[in-house]
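S.K.: Compute the structure for the input listed below.
(3 chains)
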Amino acid sequence: MTPEYEEGIPLLQTRNLSKSFGNIDALIDVDFTLHSGEVHALLGENGAGKSTLIKLMTGVHKPDSGQILLNGNVIEVNNPNDAQKKGISPVYQEINLIPTLSVAENIYLGRQPMRMGFINTREMNEKARVLLQYYYINIDTTRTLSSFSIAIQQLVAIARGIDMSAKVLILDEPTASLDRKEVEILFEVIRTLQEKGVGIILITHFLDQVYEISDRITILRNGRKVGEHKTQDLPRVELISKMLGHDLYEQLGQSESNDNSAGKEQDVFIEAQNLAQKGLIEPINLTIKKGEAVGLAGLLGSGRTETALLMFGIKNHDQGQVLVNGVPIKLNNPQQAIQHGFALCPEDRKTEGIIGDLTVRENIILALQAKRGWFDYVSRSQQDALASEMIKALQIHPPDPDIPAGQLSGGNQQKLILARWLVSNPDFLILDEPTRGIDVGAHAEIIALIKRLCSEGISLLVISSELAEIVDYSDRVIVLRDRQQVKELVGDEISENAIMQAIAERDNV
Amino acid sequence: MSEQIKPEPKEKENFINRLMAQRAFYPILALILILIVNRLIAPDFFTIRSTDTRYIGSLIDILNRASPVVLLSIGMTLVIATEGIDLSVGAVIAICGAVAAVLISTTEMSAPIVILISIGVGVLCGLWNGILVAYFKIQPIVATLILMISGRGIAQLITDGQIAIFNNEALQYVGTGVLFGLPVPIFISIAIFIIIYLLVRRTAIGVLLESVGANDKASFYAGVNAAHVKLFAYILSGICAAIAGLIITADIRGADANNAGLWLELDAILAVVIGGTALTGGRFYLGLSVVGALIIQSVETGILTSGLPPTFNLVVKAIVILLVLLMQSSIFRQGIRENILKLRRTA
Amino acid sequence: MRSRIFPLIATFAVFIVLYLIGWNEYPAFGTTRVPLNMLYDKAFLGIAAVGMTFVILSGGIDLSVGSVIAFISVFCALMIQETGLHPLIIFGIALTLGAAFGATMGAIIHYLEIPPFIVTLAGMFLARGLSFVLSEASIPIDHEFYDFVSSIYYKFPDNGRFKLVAGLFLVILFAGMIVTHFTRFGRNVYAMGGDSDSALLLGVPIAQTTIGVYTLSSFLAALAGISYSLYTSSGYPLAVVGLELDAIAAVVVGGTLLTGGVGYVEGTFIGVMIQGVIQTYINFNGGLNSWWTKIVIGILLLVFILLQKLLSSRPTGIKLARL
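M.R.: As a prediction, this is how the structure comes out:
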């Protein structure tokens, strides 16, 4: 039951807000409204534009066009400090506080109570302790921030913001690391703040929580607003459909029809049995045959990437095992995975995939070289040959093997990472969001490539939020929700609707 | 979401701009300028005389005296490429020099064996540093600080507090010998440079070093074993220091645990930075580090031949280094450009 | 608070243990003479180490302190002997010079974004070089003020002398403690060292704090140089070569993390005193040679680093560019 919020002049508003970074339009013409005392959920998959919108509101970036209004007045937010002064206070997942300072010091950094020219530590600690009681926590504020759980750290960050007279509180994935009880406390705090008239923007991927605490929902997709609703008026499936929704992809038309499950009467190639890691993911069971493409579907935070990390040895599992051709294998690090013919194109291209300072050519041969060891050098002529072959095959642009990889656009970087792994001749390729953030033409190329790889006998595990695409190339689809495996769809069972229903927790169409 | 590549604005593609965009431009320019200044100070700076045994001249002198720092900077480049640093090389010089001097003067071992053992000790020092950094995950600056501080103590232990003097022609040859009319250390540093250059550029090691330093997470995801790579870098640094130590010891025919290689690690780090390898790791430039080492030595030799009292040595060195750093700093150059534009506008 | 105090307690425990080992062999450790002499001998190192603590807490490093000490000592000696100015006036000029030197380094580090390691290295060469330019040899100081200062001490019943310079060390230590614990500048230093990105977002004035710590470090190094000249009644261009290493060692052994953000000036004090104990022990024991000091300090450093790693949950991947 959420309290009524005041209509009238909105507390915070954006009009036609737009922002581009280079060639990428991150935010296009977005109107957003937040009322005093309202909890407004901002939803959308990665790359939808949520974080850009927040960064514009908090002064990290300046908008290209459009306006931001506070209490009906147009404002300019110059930098994060300025935003805080104007009463807009973000609390990010990384908790931008100082972990080595005490709780009290974090709350009062830069504005410590003074006495005779010196910091009055006792008063500071006491004020902090009293302040935090308002947030339902009773702690020793002299202890370092890092000695407390993320839940407490978050509340400290919120307390600091509100104490500095914030009227708008932006919570970015606040419950991602909290247990059930901590979530309840946070929600109590949120409700208390609502009564004070604070407007709260909530970014989260936990749909249950959205329905529990929020008054309204705004959905972003590909930089645009695709929906704004009162929470109680929006059915869950419709919400998911708007978030994952239909793409221009449909208009492209497909080459071969999807008849993947026929003729795949082979033995199981790779199998994960009860693969799990405490705190990361519940037991996963999946089997992949040679030349099969298995899609892994679910919302952000459902555990898809974690599954990929476990299967590639990036993270270790404490339960279950992975078998190749019926034989259990060791998966303690990526090198072991690679030796078995595995490959992974990670989700975060920039930090986990591309080595920006190295050239396109060097990036392409890296995994192959690492596999071969120090002395089996891929000669320069071999490198050139492989690089030009891959650049041509995947249409990497610009087709210059000697430019730094960091200069490539997102889509081409994705192709580059793909090229890197293809060059090492994998038997099993894991792709984590291979078409995220790249233009439609490249989407189609990558889909075609996926199908070609399958026909060549390579097994694929593809994580994707693009349901239409998963449906197109997958022989099987496994649906995850909240770190658990909830459904497996095979052959004819696979459809966008079926996947969305599975995610939404309804059992029937 | 559309991602068209918008056409790039045409850049001023003239020769000067392209030249200035080369990484090697500023270090080599600096070296040339310093040599020219030296020539202006001492007119016979570029002349080379020949006696019946050798050639003599300031240029040869620079190459000879620079050899230890050149060697150190080669090893240091590899370490810095992995986003590390090796503060201990000066101390390793003292240790390996002490080992060589003591062994050759108190045992029957021949010079080649002593040299090998001394290099072996360098390998051990590098192994020590490498294990602390790669496996214990201690910060490189702290890990190598430990050996830097205690290393000279260890060297003194070996020489029993004395300056261990020896008299062995074969070993002395390393430091004072003449080959084809030129000092042996020059050939040693050239040889080591070639060997290491081939080792890192003709095998995968170079790319692996660069990728670990540039983005160790992505390298991990690509299957690179970062620990092995880092270990290699520190061991090589130890070997270079050992050889430098042999040259220094051979040169004075003794091991001075207190002063051998004193502060040379700082010169080596400076040489690498001047040469353009970033302290944050990634791309490294062996050749340019050597240029950096030569810059430092040219400044020092220049001061010597200029007749300036040697007291000015450090001051001039400091100023030159500062100037080179400013020249390299893109922020500084940007600031200058903006100020020149402002002046032009107001004029 | 507990996890932060523990390294300090550990360091103190080591100090006590070492002191007891010394006392066991040399009864003089039980008198006031030994600790007071330690304070006096280590005063200039200690004053410089307090400054170094600030710099390291902020996440940086200062390699120039030893050279600044030497330069200032020569500067003072020269000015006192050559001009008629009173030493106190000369001290004032010296301190101003020190501060200006540090401020310049700090500005270069912040605005040009050149790593502190490199900038202070250049500073080290410059300061040492200027010392040689001023004088090649040691300059003895002969002035009644110096005699006066030497004559000030508090004498304990067992002949232990608490000298002025030792008192100065304690005063600076005390001041350092107050600044780190009770001033906004001090807390900003900790914030910057703890997480510089968050500090920026939280409104910490990064430019002022950065320039501030290097100014403070060079200022205290200058003060240490003055103390050195009082200690030796001379100025010596070759003085205290390598002192910055001892200072860094004292700071690290004292529990301050090289990554910054964690540590206390109090710890540095204990770190300096530990070096004093080792030195005194070795002096008493004519047989042991001074190079053992270096080895023992190295071992201590190793032990403390490993201890810090075990206790601290912070990632050790430093941004080397900051050093």
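S.K.: Stretch A:307-324 and chain B in contact?
M.R.: Yes: using CB under 8 Å from any CB of the partner chain, we find that stretch A:307-324 touches chain B at residue A:314. C-beta: built from backbone N, CA, C; applies to glycine.
S.K.: Looking at the residue lying closest to residue A:65 once chain neighbours are set aside now. What's its pLDDT?
M.R.: Excluding the flanking residues, the one nearest residue A:65 by CB to CB, 6 or more residues apart in numbering or on different chains is residue A:18, at 4.7 Å. pLDDT for residue A:18: 93.
S.K.: And the contacts of the helix or strand harbouring residue A:18?
M.R.: Under the criterion of DSSP states H and E, residue A:18 resides in strand A:12-21. The contact list for strand A:12-21 (CB atoms under 8 Å, 6 or more residues apart in numbering or on different chains) reads A:25-34, A:52-53, A:56-57, A:61, A:63-70, A:72, A:88, A:168, A:199, A:201.
S.K.: List the pairing partners of the helix or strand sitting right after that strand along the chain within its sheet, with orientation.
M.R.: Scanning forward in sequence from strand A:12-21 by DSSP H and E, the next helix or strand is strand A:24-34. Strand A:24-34 pairs in its sheet with strand A:12-21 (antiparallel), by DSSP bridges.
S.K.: returning to that earlier point: are any of the contacts of strand A:12-21 buried, and if so which?
M.R.: A:25-28, A:30, A:32-34, A:52-53, A:56-57, A:61, A:63, A:66, A:68-70, A:88, A:168, A:199, A:201 (16 or more other CB atoms under 10 Å in any protein chain shown).
S.K.: What's the local residue count around residue B:194?
M.R.: 10 (other CB atoms under 10 Å in any protein chain shown).
S.K.: How about the residues of the stretch 151-300 of chain C by chain A?
M.R.: Within the stretch 151-300 of chain C, the positions adjacent to chain A are C:178, C:181-184, C:187-188, C:190-191, C:193-195, C:197-199, C:201-204, C:261-262 by CB under 8 Å from any CB.
S.K.: and stretch B:120-130, anywhere near chain C?
M.R.: No: using CB under 8 Å from any CB, stretch B:120-130 never reaches chain C; the gap is at least 10.1 Å.
S.K.: In that stretch, which residues are buried?
M.R.: Quick answer for stretch B:120-130 (16+ other CB under 10 Å): B:121-126, B:128-130.
S.K.: do stretch B:172-180 as well
M.R.: Buried residues in stretch B:172-180 (16+ other CB under 10 Å): B:172, B:174-177.
S.K.: which stretches of chain A have low pLDDT?
M.R.: Where chain A drops to pLDDT under 70, the residues are A:1-7, A:46, A:245-266, A:437-441, A:506-509.
S.K.: which residue lies farthest from the center of it?
M.R.: Computed with CA atoms, centre = their mean, the residue of chain A farthest from its C-alpha average is residue A:116, at 49.0 Å.
S.K.: what sits against the residue in the stretch 201-323 of chain C that chain A sits nearest to?
M.R.: Proximity of the stretch 201-323 of chain C to chain A (CB to the nearest CB) peaks at residue C:261, 4.1 Å away. The contact partners of residue C:261, taken as CB under 8 Å, 6+ apart, are A:98, A:100-101, C:57, C:59, C:190-195.
S.K.: quick one: which of those sit in strands?
M.R.: For the contacts of residue C:261, not one is inside strands, with DSSP state E as the criterion.
S.K.: Can you tell me which of those residues is nearest chain B?
M.R.: Closest to chain B, out of all of those and judged by CB to the nearest CB, is residue C:59, at 12.0 Å.
S.K.: Give me the neighbour count for the closest one.
M.R.: 25.
S.K.: pretty sure it is touching residue C:195, no?
M.R.: No: Residue C:59 lies out of contact with residue C:195 (CB atoms under 8 Å); the separation is 9.5 Å.
S.K.: OK, contacts around residue A:286?
M.R.: By CB under 8 Å, 6+ apart, residue A:286 lies in contact with A:271-272, A:294, A:461, A:478, A:485, A:488.
S.K.: Now with 7 Å, please.
M.R.: Residue A:286 is in contact with A:272, A:294, A:478, counting by CB atoms under 7 Å, 6 or more residues apart in numbering or on different chains.
S.K.: Verify the contact between residue B:192 and residue B:243 for me.
M.R.: Yes: assessed by CB atoms under 7 Å, residue B:192 is found in contact with residue B:243 at 6.4 Å.
S.K.: which of the two has more neighbours?
M.R.: Using other CB under 10 Å, the more surrounded residue of residue B:192 and residue B:243 is residue B:243, with 28 against 20.
S.K.: quick one: contacts for the residue in the stretch 101-250 of chain C that chain B sits nearest to?
M.R.: Residue nearest to chain B within the stretch 101-250 of chain C (CB to the nearest CB): residue C:129, separated by 2.8 Å. If you count contacts by CB under 7 Å, 6+ apart, residue C:129 has them with B:312-315, B:317-318.
S.K.: Could you look up the SS state of it?
M.R.: Judged by DSSP: H, G, I helix; E, B strand; the rest coil, the three-state class of residue C:129 is helix.
S.K.: Quick check: chain neighbours aside, which residue is closest to it?
M.R.: residue B:314 is the one closest to residue C:129 (CB to CB, 6+ apart), at 2.8 Å.
S.K.: quick one: the one you found and residue C:133 touch, right?
M.R.: No: between residue B:314 and residue C:133 there is no contact under CB under 7 Å: 8.6 Å.
S.K.: So if I had to pick from these two, which one is more boxed in?
M.R.: Counted by other CB under 10 Å, residue B:314 and residue C:133 do not tie: residue B:314 has more neighbours, with 23 against 18.
S.K.: What residues sit buried inside the host helix or strand of the more buried one?
M.R.: Per DSSP H and E, residue B:314 falls inside helix B:313-328. Going by neighbour count (16+ other CB under 10 Å), the buried part of helix B:313-328 is B:313-322, B:324-328.
S.K.: same deal with stretch B:217-231?
M.R.: Residues of stretch B:217-231 classed as buried: B:218-226, B:228-231 (neighbour count, 16+ other CB under 10 Å).
S.K.: burial of residue A:236, as a residue count?
M.R.: 17.
S.K.: ok, it touching residue A:504?
M.R.: Yes: contact criterion CB under 7 Å: residue A:236 and residue A:504 qualify, at 4.8 Å.
S.K.: need the residues of chain A near chain B, please.
M.R.: A:23-25, A:222-223, A:314, A:334-335, A:338, A:344, A:346, A:351-355, A:357-358, A:362, A:366-367, A:369-371, A:374-375, A:377, A:409, A:411, A:420, A:438-439 (CB under 7 Å from any CB of the partner chain).
S.K.: contacting residues around the residue nearest the centre of chain B?
M.R.: In chain B, the centroid-proximal residue (CA atoms, centre = their mean) is residue B:73; its distance is 1.6 Å. Taking CB under 7 Å, 6+ apart, we find residue B:73 in contact with B:268, B:271-272, B:289-290, B:292-293.
S.K.: if you set the cut-off to 10 Å instead, what comes out?
M.R.: B:66, B:80, B:89, B:189, B:193, B:240, B:244, B:264-265, B:267-275, B:277, B:286, B:288-294, B:296 (CB atoms under 10 Å, 6 or more residues apart in numbering or on different chains).
S.K.: Over to residue C:184?
M.R.: A:108-112, A:114, A:118-119, C:191, C:204-205, C:209.
S.K.: and residue C:303, how many residues sit next to it?
M.R.: So residue C:303, with other CB under 10 Å, has 14 neighbours.
S.K.: where exactly do the strands run in the stretch 151-300 of chain A?
M.R.: Using DSSP state E, counting those that start in this stretch, the strands of the stretch 151-300 of chain A run over A:168-172, A:199-203, A:216-221, A:224-230, A:268-277, A:281-289, A:293-297.
S.K.: same question, the stretch 351-500 of chain A
M.R.: A:428-432, A:459-463, A:476-481, A:484-490.
S.K.: Adding distance to chain C and mean neighbour count as columns, could you present those in CSV?
M.R.: Putting these into CSV (distance: least, CB to the nearest CB, whole Å; neighbours: other CB atoms under 10 Å in any protein chain shown) gives the following:
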stretch, distance to chain C, mean neighbour count
strand A:428-432, 24, 24
strand A:459-463, 27, 25
strand A:476-481, 29, 23
strand A:484-490, 29, 16
